[in-house]
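K.L.:
could you work out the structure for the sequence below:
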Amino acid sequence: MAFPGVWMTKSESMIYRVVPKCACSTIGQIMFYSDHGAFYDGDIHDSRAGLHKWSQDESQPAIERAVRAREALTFTCVRNPYARILSSFFDKIAGIQRNGRRYRGNLVPQLAQRYGIEVGSPENGFDFDQIASFRRFLLFARDTIRFRRPMEPDIHWSAMSGHIATFIANGGRYDRIFFTETFNEGMQDVLSASRTPVAVDLAEVPRFNESEGHGPRRAHKVSAYFDDLSRHLIWDIYKDDFQLFRYDFDDPDNKLPTGKIDLDEVHAKLGR
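P.N.:
Numbering: from 1, shown residues only. Presented below is the predicted three-dimensional model:
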């Protein structure tokens, strides 16, 4: 078995399948705190101790054993596809990363050359046509996901259902899938059902948005970025995300889900 993208507390109280751009930094810090009584000092994605991660070879036997035993509460978190792809664009394409550089080195220059994307710079206050550049980025994202060109799809804009499906396909089962948009309610349900060494008061937990402050702010409401072609592309890429996780395709400005997630349906459709 292989469980890429899976994190687990050292106490084995909970197992989390990371879905990028869905509050993963905050969730990871809460998991860390629930074991140690303190938050990780830095970006939780950089931690090499205090949290089991499948990417760390020494953690893999413990994660595989816990997934098989199904004693630890297992969960993940999803987000409105419209908001998620916008966040990916503003963070990974238009923004400057924590190391002071552009994401993936020469990716942004390549997009400027091949797709005509402009993203501005800190020197000009990130002054660029956000709507036009985002729509061009969306064409690029579609090309990577549907045709795997000019590169493999990136984890930050590939479909949530794809991330979530790998865990199911390899023998895992989710006990909870909750919404970023109602984070405290969903995360509290996970904590209440888990045997954590340290109690967590969600009201006291800060939001760990590692991308905030490193790029331009979104200047328009969500629907302004999506014309008819953009919405066609979004449906082509994220149809399963809209349907399985109950998000409103017809109204991009309605960030809230329209109903509850059916876990049996998710496992049946993504476990094929």
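K.L.:
helices of the protein, start to end?
P.N.:
In the chain, the helices defined using DSSP state H lie at 24-36, 60-69, 81-88, 107-115, 130-142, 160-169, 183-192, 228-244, 263-270.
K.L.:
what about the fourth one, average pLDDT?
P.N.:
Helix 107-115 shows a mean pLDDT of 93.
K.L.:
quick one: list the elements packing against that helix.
P.N.:
helix 130-142 (3 or more Cβ pairs under 8 Å, 6 or more residues apart in numbering; DSSP states H and E). For every residue, glycine as well, the C-beta is placed using N, CA and C.
K.L.:
just the angle between the helix it packs on and helix 228-244, please?
P.N.:
60 degrees (axes from the mean of the first three to the mean of the last three Cα atoms, to 10 degrees).
K.L.:
hmm, back to that, for Met1, which of the helices of the chain is the nearest?
P.N.:
Using Cβ to Cβ as the measure, helix 60-69 is the one of the helices of the chain that comes nearest Met1, at 5.5 Å.
K.L.:
pull the distance from that closest one to the chain's centre.
P.N.:
23 Å (Cα atoms, centre = their mean, to the nearest Å).
K.L.:
likewise for stretch 69-85?
P.N.:
Distance, centroid of stretch 69-85 to centroid of chain: 8 Å (Cα atoms, centre = their mean).
K.L.:
ok, stretch 80-91 next?
P.N.:
Centroid separation for stretch 80-91 versus its chain: 10 Å, with Cα atoms, centre = their mean.
K.L.:
check stretch 2-10 too.
P.N.:
The chain centroid and the centroid of stretch 2-10 are separated by 15 Å, computed with Cα atoms, centre = their mean.
K.L.:
contacts for it, please.
P.N.:
With contact meaning Cβ atoms under 8 Å, 6 or more residues apart in numbering, stretch 2-10 is reached by 14-19, 28, 31-32, 34-35, 50-55, 59-60, 62-64, 66-67, 72, 155, 163, 166-167, 170, 172, 196.
K.L.:
quick check: domain ranges of the chain?
P.N.:
6-80+156-204, 82-154+213-237 (automatic domain parsing).
K.L.:
average pLDDT for the first one?
P.N.:
If you average the pLDDT over domain 6-80+156-204, you get 97.
K.L.:
and that domain, how far out from the chain middle?
P.N.:
12 Å.
K.L.:
and what of the shortest one?
P.N.:
With Cα atoms, centre = their mean as the basis, domain 82-154+213-237 stands 16 Å off its chain's centre.
K.L.:
quick check: end-to-end length of that domain?
P.N.:
11 Å (Cα to Cα, to the nearest Å).
K.L.:
just checking, what's the longest strand in the protein?
P.N.:
When the chain is parsed with DSSP state E, its longest strand is strand 73-78.
K.L.:
show residues contacting that strand.
P.N.:
13-19, 22-24, 27, 67, 160, 163-164, 167, 172-180, 183, 186-187, 190, 193-194, 241, 245, 261.
K.L.:
Pro206: which of the helices of the chain is closest?
P.N.:
Among those, helix 24-36 sits nearest to Pro206 (Cβ to Cβ), with 8.0 Å.
K.L.:
which strands or helices does the closest one pack on?
P.N.:
Judged by 3+ Cβ pairs under 8 Å, 6+ apart, helix 24-36 is in contact with strand 6-9, strand 14-17, strand 51-53, helix 183-192.
K.L.:
what does the shortest one contact?
P.N.:
For strand 51-53, contacts defined as Cβ under 8 Å, 6+ apart pick out 6-10, 28, 31-32, 35, 40, 44, 47, 59, 62-63.
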